[in-house]
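Participant: I would like the atomic coordinates for the input below:
(chains A and B)
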Amino acid sequence: MSDFFSLSLTEAARAVREKKASSVELTQAALARVHAFQPRFNAFVRIDAESALAGARACDAALAAGQAVGPLHGVPLAHKDMYYRKGLVSTCGSKLRKDFVAPVTSSALEKLDAAGALQIGTLNMTEFAYGPTGQNAFLGDARNPWNPDYITGGSSSGSGISVAARMVYAALGSDTGGSVRLPASICGVTGMKTTFSLVSRAGAMPLSQSLDTVGPLTRTVQDNALVLSVIAGHDARDGSTAQLPVPDYVRAAQAGSLKGVKIGIPRGYFDAKLEGDVRAVLDAAAKVYEGLGAEVFEVQMPDLDSVNAAGFLLTWGDVSAIHGEWMAKRPGDYSPQTRGRIEVTLGISSRDYVDAQRARARMLRDFCASVFGKCDTLLAPVLSFAVPKIAEVDVTGGPNMMRILDEITRLMRPINVLGLPALALPAGFTPNGLPCGMQMIGRPFAEAFLYRVGAAYQGATDWHARMPTAAI
Amino acid sequence: MSKLTADEILAAAGRAGWSISPARAAEIVLAAAPRLDGFEPARAQLTFDDDAAGFTAALLALREDATK
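Facilitator: Numbering: from 1, shown residues only, chains lettered A, B, ... in the order given. Now for the predicted structure:
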């Protein structure tokens, strides 16, 4: 075996377990690609080659000694540079944290460690995860592996790149207002925005505790299910995590018939401003689902403009508090774009923030009744337009910036406010040659069901298997 | 619900120790306005008993049947 990066995560883990490939071989191959592509895509913040290879040798030795191994034993991964690892720097994408040595290891990384996964480095991200394009004045802009002139999406930019370009088999991202789904969709990989409270956020940098979620980016739905099966579940270190059993996500993520499944095509909100090229991709995806036996029909959306607006109020309240001290003492250490976005948080009152919190349960109940009373999942766009070039969104903090950022995140944020899971899937390409994704939105804690729906789609299509031309 | 004025934003910035110019405060008023307007329909539905803690309870109550 030599072409290690044609393997999925699931296949790579199996190859190690069955001793058809060693962890050292996989890790060396991963590092070779990381070093080859770093100048082009800027996916990594730090490359931990020595520790990763040492870990790989230990994994191979454990296997040779017949020790029990976890489901991700010896497989090289990398994660957004906001998941703390004790004793190492997590920049969180900012000059403000360039020397911040994490005092703890995040629960998500601890669970991946326990499953045998290796971490070969940390990944580029938007400063403090507060921005959807993947630009970063401190770390340098992340570059799309399909065409480096285009944005990667953010804030989990390096996660999208590194998985799409086959540098690693999976990466953790975080999603507060689209930060898993946007880079997944824009880089052409699979990403799960998890139900609020499904995955522990202990030891992960906060952006907005009201909305933050942890989720994996992978090439396939099966791979995504495998990672989520490791990181999901209650954590005593994060009291907000739900005390529910973790379903068998891997078992759910099998391609098959969708007979009896009801898929809603949103009418209202999601189709507003939808460009024709994106609509064509979604229409084709709907046809695939019909071919798989699903019943596909239109579903009228409730008022999501107010849900989206609530998302701003929630984010602004949290961001204002979290960044208050640094904005007073070190404002010049923020990039102009991030500082500008934080300044805007002064525009709401404490009552606005609390009212947005009070409205969430009602919004969720209304949405579930009006949408999931009719269908099992929604097939919705991620972006309403084709992926833009970096130059087209490089507005460095001016008033135009808010308008552009608003539209990039408009189809994302309501799902965070509602706390729902949404699986981003590669669904095709627009004429500019960039990937175009869709999101399958489900009821609270419906990740297993979404994996079933996503696996069926990927069993009938090959969009997820396409290789970025710039990364060959 | 009345919105914050530029003077109120300047005062809030002063209390927080943030450095904001009057022109920037005016921009913030404009940036916040559509969000606050957009939220008004939801705010209008709030009652005395709407509770911020109700959200996580609602998530659990409305959850997908894991056996599906």
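
Participant: alpha carbons only for contacts and neighbour counts from here, please
Facilitator: Noted.

Participant: distance from the longest helix that chain B contains to the middle of the chain?
Facilitator: Of all the segments of type helix in chain B, defined by DSSP state H, the longest one is helix B:22-45. Relative to its parent chain, helix B:22-45 has a centroid offset of 9 Å by CA atoms, centre = their mean, to the nearest Å.

Participant: could you dump that helix to PDB, C-alpha only?
Facilitator: Extracted in PDB, the C-alpha atoms of helix B:22-45 (Å, rounded to 0.1, in the frame of the first residue of the first chain):
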ATOM      1  CA  PRO B  22     -18.400  59.700  17.800                       C
ATOM      2  CA  ALA B  23     -18.400  58.900  14.100                       C
ATOM      3  CA  ARG B  24     -17.900  55.200  14.900                       C
ATOM      4  CA  ALA B  25     -20.700  55.300  17.500                       C
ATOM      5  CA  ALA B  26     -23.000  56.600  14.800                       C
ATOM      6  CA  GLU B  27     -21.900  53.700  12.500                       C
ATOM      7  CA  ILE B  28     -22.700  51.300  15.300                       C
ATOM      8  CA  VAL B  29     -26.200  52.700  15.600                       C
ATOM      9  CA  LEU B  30     -26.700  52.000  11.900                       C
ATOM     10  CA  ALA B  31     -25.200  48.500  12.100                       C
ATOM     11  CA  ALA B  32     -27.300  47.500  15.100                       C
ATOM     12  CA  ALA B  33     -30.600  49.000  13.800                       C
ATOM     13  CA  PRO B  34     -31.600  46.200  11.300                       C
ATOM     14  CA  ARG B  35     -30.700  43.500  13.800                       C
ATOM     15  CA  LEU B  36     -32.900  45.100  16.500                       C
ATOM     16  CA  ASP B  37     -35.700  45.800  14.000                       C
ATOM     17  CA  GLY B  38     -35.500  42.200  12.800                       C
ATOM     18  CA  PHE B  39     -35.800  40.900  16.300                       C
ATOM     19  CA  GLU B  40     -38.900  42.900  17.200                       C
ATOM     20  CA  PRO B  41     -41.500  40.400  15.900                       C
ATOM     21  CA  ALA B  42     -40.000  37.800  18.200                       C
ATOM     22  CA  ARG B  43     -39.800  40.200  21.100                       C
ATOM     23  CA  ALA B  44     -43.400  41.100  20.700                       C
ATOM     24  CA  GLN B  45     -44.400  37.500  21.400                       C
END
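
Participant: residues from chain B in reach of chain A?
Facilitator: Contact residues (CA under 8 Å from any CA of the partner chain) of chain B with chain A: B:3-4, B:9, B:12-13, B:16-20, B:27-29, B:31-32, B:35-36, B:38-43, B:46, B:50-56, B:58-60, B:62-66, B:68.

Participant: are any of those buried, and if so which?
Facilitator: Listed as buried from the residues of chain B next to chain A are B:4, B:9, B:12-13, B:16, B:18, B:20, B:27-29, B:31-32, B:35-36, B:38-40, B:42-43, B:50-51, B:54-56, B:58-59, B:62-64, B:66; burial here means 16 or more other CA atoms under 10 Å in any protein chain shown.

Participant: what's near enough to touch the residue nearest the centre of chain B?
Facilitator: Residue closest to the average C-alpha location in chain B (CA atoms, centre = their mean): B:Leu36, at 6.9 Å. For B:Leu36, the contacting residues are A:309, A:313, A:348, A:352, B:3, by CA atoms under 8 Å, 6 or more residues apart in numbering or on different chains.

Participant: buried ones only from these, please, as a PyMOL command.
Facilitator: For the buried members of these, the matching PyMOL selection, counting by 16+ other CA under 10 Å, is:
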select buried, chain A and resi 309+313+348+352
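
Participant: next, A:His35: secondary structure please.
Facilitator: Recorded secondary structure, A:His35: helix (DSSP: H, G, I helix; E, B strand; the rest coil).

Participant: could you report the neighbour count for it?
Facilitator: Look at A:His35: counted by other CA atoms under 10 Å in any protein chain shown, it has 14 neighbours.

Participant: distance of it from chain B?
Facilitator: When distance is defined by CA to the nearest CA, to the nearest Å, A:His35 is 41 Å away from chain B.

Participant: same question for A:Thr241.
Facilitator: From A:Thr241 to chain B the distance is 10 Å (CA to the nearest CA).

Participant: which helices and strands sit right next to the following helix or strand past the longest helix of chain B?
Facilitator: Sequence order places helix B:54-61 as the next helix or strand after helix B:22-45, per DSSP states H and E. Contacts defined by 3 or more CA pairs under 8 Å, 6 or more residues apart in numbering or on different chains; DSSP states H and E place helix B:54-61 against helix A:350-367.

Participant: touching the helix it packs on from outside, list them.
Facilitator: Counting by CA under 8 Å, 6+ apart, A:302, A:307, A:310-311, A:313-314, A:316-317, A:417-419, B:36, B:39, B:42-43, B:46, B:50-56, B:58-59, B:62 sit against helix A:350-367.

Participant: the next helix or strand after that helix and chain B in contact?
Facilitator: Beyond helix A:350-367 on the C-terminal side, the first helix or strand identified by DSSP H and E is strand A:377-381. No. Using CA under 8 Å from any CA, strand A:377-381 stays clear of chain B, with a minimum separation of 10.9 Å.

Participant: for the stretch 151-300 of chain A, which residues are neighbours of chain B?
Facilitator: So far as CA under 8 Å from any CA goes, the stretch 151-300 of chain A lies against chain B at A:Pro247.

Participant: what about the residue in the stretch 151-300 of chain A that chain B sits nearest to, how many residues nearby?
Facilitator: Minimum separation of the stretch 151-300 of chain A from chain B (CA to the nearest CA) falls at A:Pro247, amounting to 6.3 Å. Look at A:Pro247: counted by other CA under 10 Å, it has 18 neighbours.

Participant: understood, closing this out.
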